[in-house]
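>>> Kindly generate the corresponding structure for this input.
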Amino acid sequence: MNTVTPRVFIAATRQNDGKTTTSLGLLAALQKFYPRIGYIKPVGQRFVEIEEQKIDEDTVLMDRVYRLNCPLVDMSPIAVEPDFTRKYLQSSNNEALVKKITKAFDRVSWEKDFVLCEGSGHAGVGSVFDLSNAQVAKILGAKVIIVSQGGIGKPIDEVALNQALFEKEGVEVIGVILNKVLFDKIDFIKDFARRGLKRKGLELLGVVPHQRILSSPTMDLIQEELKAEVLNRGAKRNNRVESVVVGAMGAQNAVGYFKTGVLVITPGDREDIILAAATTVKDSSQQLAGVVLTGNLRPGASVMKVVEKMPFPILLAAEDSYEVASTVHNLIVKTRPDDTEKISLIRDIIAANVDVQKILNSL
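Next comes the predicted model:
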């Protein structure tokens, strides 16, 4: 396997800590030093099918944003399908999987100045089939950056836990990036987190401020997750949801909660709330992000005529209001290739808040 091309492995303390966001921003920042960059996500858990190949979603994102000129199948060599673990435990062939990763890395790194490797969750993810992030980083001969959510005690505790597994595999952790830190706590956290990490022999490589836009789902994403029917096809579905209101009260009380960026979740037979939502159309300062009608209850014909003219999406979901609200609350918001505003913001905040030169010096 290629051992010459510089590389770094991006891990995290848990899912949704900002690993992909960090990778997306670092690729842009690293291109200033290494114009020809490769990318690989050796083990992927969320994938799409492209030309009959299962490709990790994050790999698709990186390729479309940066046009990396690498075969997609090599940037995403192993896709963990629903029955992947069961099949492995029945007849494990770790050697074949390792060979697949090393060959893919060789092709990804061909004629490249640098390769960014992205992990899948915390250090132990993949242990069940003998390809934990720590084991994969060892296979690739890569040093590691750990991404964790902002704070002091909790992230350092979690970093220490992950660091132990990497060290067990003989993999060096070069530092930590703290993500989603509240603006008014950045200086405080930067100071004390640096002290705490230093006691663990780790560098603080960056503190990235929380950006609400990065964790706010769009109506398009919610529609996709709920598999909901769109009742007004002409409405824009890229509205961002800032907060959620469950319409279980009278319309006259519900109206007080109708503001820009609000998603209203209400049973489809609450026509009073649907008509109240329509009144926000005239006031742009109060225009909703959208409405989800629940229980597969379709409004009557007269109300449907109003619904079809609304400028924000009206979705019809099969689940009840509680289930819909829970799904929206637990939604993992991923950056997509067409999220140009988010991608531009990610590049800027990583460039401004992560010490890329310190990372390169550590490698």
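>>> so what's residue 303 up against?
Applying Cβ atoms under 8 Å, 6 or more residues apart in numbering, we find residue 303 in contact with 271, 274-275. Any C-beta I mention is one placed from the backbone N, CA and C, and that applies to glycine too.
>>> Follow the chain on from the strand ranked longest in the chain and name the next helix or strand.
Longest strand in the chain by number of residues, with DSSP state E as the criterion: strand 173-181. Using DSSP states H and E, the next helix or strand after strand 173-181 towards the C-terminus is helix 186-198.
>>> quick one: residue 165 from residue 204, how far?
Going from residue 165 to residue 204 by Cβ to Cβ, to the nearest Å gives 20 Å.
>>> What subset of the contacts of residue 303 is buried?
The neighbour count (16 or more other Cβ atoms under 10 Å) marks 271, 274 as buried among the contacts of residue 303.
>>> Which of the contacts of residue 303 sits closest to residue 194?
Closest approach between those and residue 194, by Cβ to Cβ: residue 274, at 52.4 Å.
>>> secondary structure element for the closest one?
Residue 274 is part of helix 271-278, with elements assigned from DSSP H and E.
>>> what do you get for residue 22?
Assessed by DSSP H and E, residue 22 sits inside helix 19-30.
>>> Now do the phi/psi pair for residue 9.
The phi/psi pair for residue 9 (degrees, to the nearest 10) reads phi -110, psi 120.
>>> Test for you: state the pLDDT assigned to residue 282.
pLDDT for residue 282: 74.
>>> Burial check on it, number of neighbours?
Other residues near residue 282 number 8, with proximity taken as other Cβ atoms under 10 Å.
>>> ok, it - contacts?
Under the criterion of Cβ under 8 Å, 6+ apart, residue 282 has no neighbours.
>>> returning to what we had before: rebuild the contacts of residue 303 as JSON lines, extending it with distance to residue 226 and pLDDT.
As requested, those are exported to JSON lines (distance: Cβ to Cβ, whole Å; pLDDT from 0 to 100):
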{"residue": "271", "distance to residue 226": "21", "pLDDT": "95"}
{"residue": "274", "distance to residue 226": "17", "pLDDT": "95"}
{"residue": "275", "distance to residue 226": "23", "pLDDT": "94"}
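>>> which one among the contacts of residue 303 gets closest to residue 82?
Of the contacts of residue 303, the one sitting nearest to residue 82 (Cβ to Cβ) turns out to be residue 274, at 37.8 Å.
>>> any idea how far residue 303 is from the closest one?
Residue 274 sits 6 Å away from residue 303, going by Cβ to Cβ.
>>> Using the record's domain definitions, break the protein down for me.
7-211+335-362, 217-329 (automatic domain parsing).
>>> What lies in contact with the helix holding residue 274?
Residues outside helix 271-278 that contact it (Cβ under 8 Å, 6+ apart) are 247, 250-252, 254-255, 258, 264, 266, 288, 291, 293, 299-300, 303, 306-307, 310, 314.
>>> for stretch 78-98, what is the average pLDDT?
The average pLDDT for stretch 78-98 rounds to 92.
>>> measure that stretch end to end?
Separation of the first and last residues of stretch 78-98 by Cα to Cα, to the nearest Å is 10 Å.
>>> how distant is it from the center of its chain?
Put simply, stretch 78-98 sits 25 Å off its chain's centre (Cα atoms, centre = their mean, to the nearest Å).
>>> can you list contacts of it?
Outside of stretch 78-98, the residues within contact range by Cβ under 8 Å, 6+ apart are 42-45, 47, 54-56, 100-101, 120, 126, 128-131, 139.
>>> Strands - which of the residues you listed land there?
Per DSSP E, these map to strands at 43-44, 47, 54-56.
>>> Mind picking the lowest-pLDDT entry from those?
residue 47 (86).
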